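> return atomic coordinates for the entry below.
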Amino acid sequence: MTDNPTPGNTAPSQAMQQYQARIEQLESKLSSFETSLGNQRVAPDWKTNAERYGLLIAWVLLILALGAFKPQQMFAWNSYATMFGSNAMIVALTLALLIPLTTGDFDLSVASVMGLSSMIIAVLNVKLGMAIPGAIVLAILAGCLVGAINAFFILYFGIHSLIVTLGTGYFINGVILWISDSNTIAGVSMGLIKAVILTRFFGIPVGFYYALLLTGIIWYVFQYTSLGRRLLFVGRGREVARLSGVNVTRMRVGAMVSAGAIAAIAGVLYTGMRGTADPSSALAFLLPAFAAAFLGSTTIYPGRFNAPGAFVAVFFLSTGIMGLNFLGVDSFVQNLFYGGGLVIAVSISQLIRGRKPMD
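Residues are numbered from 1 along each chain as shown. Have a look, this model is predicted:
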């Protein structure tokens, strides 16, 4: 005995068939749409790419232009290997500047902190016989202390960061002269020198790779962590960030302390590169660091301070100085190059920001 379909069973079956037919039609249309998109060529955004990679292109053109006059020096790998190693501490010093700059503060004391770190290591190691690891830890702690002092005066008393850090920078210079008796201290342990300049990979001193690693860490923090996004948010607008629940004070304190710590690391690299500590030479690196920081904000991630851009900018400027030295240009041109580079970099940065006033 066979069961005949009832009207109640037939209606749901027909509805299901209609539903499946509609799904198949939608899938067919979606497949056709995806195929048409795949066949279309997306036009490249030349303006955006030019902004992001313009400095890299300019770096290559600079090498070619200088190489036309001095090909044996400019196209020799040893020239660049030496340059990469000798500028590692400038990379670290520039990275120290980036963090407070991102939050809208300026730190003019970073070069002094680098000199203080270098002198502390030399005094502890050469005069007091302390091992290099312990001396490095104390030097970095001193950098953190300077950053905390800067943050205290900036935030508690409401003084502009330029004034505070200018004053602490000069104060630190006095401390350096005091603990060194105004003398250069030589004879730092060979262990530090080997760990920074004598050990090489692909002909490049290992100090370069420390700077590269530090660049990668800071890039990762700003690009992929909530901490980095909060720091960027504070720099874009402190009041808006505060109303959104961001602890602006904590972010700015952390930025200043981080700047002091990284500047102290730059001092470690500087001491390892030279094997001595000079009470006054570190100040000469403040202008190159600022020039690289602002020039770096025009590339890779245009419109904001970023670690990869700063890294490229340091070596772009260093290549220009190296080429001018090969051409036999007088040493005063170095100041012209860095000073002019800073003004041009700030101008370009302002144009990219849409001529908005900087915080």
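
> at the geometric centre of the protein, which residue sits there?
The residue lying closest to the centre of the chain (Cα atoms, centre = their mean) is residue 307, at 2.6 Å.

> that one and residue 97 touch, don't they?
No - taking contacts as Cβ atoms under 8 Å, residue 307 lies outside contact range of residue 97: 11.0 Å. Bear in mind the C-beta positions are built from the backbone N, C-alpha and C, glycine included.

> let's see the pLDDT reported for residue 41.
Model confidence at residue 41, given as pLDDT, is 47.

> just give the closest residue to residue 54, not the sequence neighbours.
In space, residue 54 comes closest to residue 299 once its chain neighbours are excluded; the distance is 6.2 Å by Cβ to Cβ, 6 or more residues apart in numbering.

> can I take it that the one you found is in a helix?
No - counting by DSSP: H, G, I helix; E, B strand; the rest coil, residue 299 is not part of a helix but coil.

> need the pLDDT of residue 351.
72.

> roughly how far apart are it and residue 54?
12 Å (Cβ to Cβ, to the nearest Å).

> what does residue 252 give?
Relative to residue 54, and taking Cβ to Cβ, residue 252 is found at 31 Å.

> who has more neighbours, the two?
residue 252 (23 against 15; other Cβ atoms under 10 Å).

> and that one, what are its phi and psi?
phi -70, psi -40 (degrees, to the nearest 10).

> could you do residue 160 as well?
Dihedral angles (degrees, to the nearest 10) for residue 160: phi -60, psi 140.

> now for it, how many residues are close by?
11.

> sorry, back to before: list the contacts for the residue nearest to the centre of the chain?
95, 98, 215, 216, 218, 219, 222, 296 (Cβ atoms under 8 Å, 6 or more residues apart in numbering).

> how does it look with 10 Å?
Contact analysis of residue 307 by Cβ atoms under 10 Å, 6 or more residues apart in numbering lists 91, 94-95, 98-99, 214-223, 296, 300-301.

> just the buried ones from those?
91, 94-95, 98-99, 214-215, 218-219, 221-222, 296, 300-301 (16 or more other Cβ atoms under 10 Å).

> make JSON lines out of those and add secondary structure, distance to residue 197 and pLDDT.
Below are these laid out as JSON lines (DSSP: H, G, I helix; E, B strand; the rest coil; distance: Cβ to Cβ, whole Å; pLDDT from 0 to 100):
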{"residue": "91", "secondary structure": "helix", "distance to residue 197": "14", "pLDDT": "97"}
{"residue": "94", "secondary structure": "helix", "distance to residue 197": "19", "pLDDT": "96"}
{"residue": "95", "secondary structure": "helix", "distance to residue 197": "19", "pLDDT": "97"}
{"residue": "98", "secondary structure": "helix", "distance to residue 197": "24", "pLDDT": "94"}
{"residue": "99", "secondary structure": "helix", "distance to residue 197": "26", "pLDDT": "95"}
{"residue": "214", "secondary structure": "helix", "distance to residue 197": "17", "pLDDT": "97"}
{"residue": "215", "secondary structure": "helix", "distance to residue 197": "19", "pLDDT": "97"}
{"residue": "218", "secondary structure": "helix", "distance to residue 197": "23", "pLDDT": "97"}
{"residue": "219", "secondary structure": "helix", "distance to residue 197": "25", "pLDDT": "96"}
{"residue": "221", "secondary structure": "helix", "distance to residue 197": "27", "pLDDT": "95"}
{"residue": "222", "secondary structure": "helix", "distance to residue 197": "29", "pLDDT": "94"}
{"residue": "296", "secondary structure": "helix", "distance to residue 197": "24", "pLDDT": "91"}
{"residue": "300", "secondary structure": "coil", "distance to residue 197": "28", "pLDDT": "88"}
{"residue": "301", "secondary structure": "coil", "distance to residue 197": "31", "pLDDT": "88"}
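
> quick one: the strands in the stretch 101-250 of the chain?
185-186, 200-201, 204-205 (DSSP state E, counting those that start in this stretch).

> tell me which of those strands is the most buried.
strand 204-205 (a mean of 20; mean count of other Cβ atoms under 10 Å).

> quick check: which ranges of the stretch 201-350 of the chain have low pLDDT?
Residue ranges of the stretch 201-350 of the chain with pLDDT under 70: 349-350.

> which residue ranges form the helices in it?
206-224, 226-236, 238-243, 248-274, 286-296, 307-326, 332-352 (DSSP state H, counting those that start in this stretch).

> contacts only, for residue 241.
103, 230, 231, 232, 233, 234, 235, 247, 248, 251 are the contacts of residue 241 under Cβ under 10 Å, 6+ apart.

> can you rerun that using 6 Å?
233, 234, 248 (Cβ atoms under 6 Å, 6 or more residues apart in numbering).

> how near is residue 289 to residue 276?
Relative to residue 276, and taking Cβ to Cβ, residue 289 is found at 21 Å.
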